[in-house]
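> All I have is the shape, not the residue letters:
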């Protein structure tokens, strides 16, 4: 397992744990409706993409590794931006870039699967 693959394998369950924690905070502790909404969305994306990264772990082509890297960075930027806005009032300027990386990453997964590579 390469260094990047190992990092992504460690990051995936951390994203899932963060998703659960953000969701719990959104449900039980966040006071403002907008904060709850942003935290819930951040939780959904963190957990869902953590699961996606786990599912894609067995794909070993360079394209699959690039896709997983885009997904990891994308979800960190997207969910992190939303959580930062909800918890600390930070601007959500990184969310659009994170979303674009998520879209691009999933499209790379599709291309890799269509090529039949990396399995």
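Now that the structure is in, tell me what you want to look at. Predicted, not measured: the structure shown is a model, and the values here were computed from it.
> which stretches of this structure have low pLDDT?
In the predicted model, the chain carries pLDDT under 70 at residues 117-119.
> Would you state the helices of it in chain order?
In order along the chain, the chain carries the following helices (DSSP state H): 3-28, 33-55, 62-88, 95-115.
> residues making contact with stretch 108-119?
Stretch 108-119 has contacts (Cβ atoms under 8 Å, 6 or more residues apart in numbering) with 56, 58, 59, 60, 61, 63, 64, 66, 67, 70, 71. (C-beta placed from N, C-alpha, C; glycine too.)
> Need the max-distance pair from these.
58 and 70 (17.7 Å; Cβ to Cβ).
> The two: who's more crowded?
The neighbour comparison of residue 58 against residue 70 (other Cβ atoms under 10 Å) goes to residue 70, with 21 against 9.
> Quick check: that one vs residue 76, distance?
11 Å (Cβ to Cβ, to the nearest Å).
> do you know how far the residue in the chain sticking out farthest from the centre is from residue 87?
Distance from the centre of the chain peaks at residue 31, with 24.7 Å (Cα atoms, centre = their mean). To residue 87, residue 31 is 11 Å away according to Cβ to Cβ.
> repeat for residue 35
Separation of residue 35 from residue 87 (Cβ to Cβ) stands at 7 Å.
> Tell me which of these two has more neighbours.
residue 35 (19 against 15).
> who's in contact with the nearest residue to that one once chain neighbours are set aside?
Setting aside the residues directly before and after it, residue 35 is nearest to residue 86 in space (Cβ to Cβ, 6 or more residues apart in numbering), at 4.1 Å. By Cβ under 8 Å, 6+ apart, the residues touching residue 86 are 26, 30, 32, 34, 35, 36, 38, 39, 42.
> what separates residue 56 from residue 95, distance-wise?
Look at residue 56 and residue 95: by Cβ to Cβ, they are 23 Å apart.
> Alright, calling it a day.
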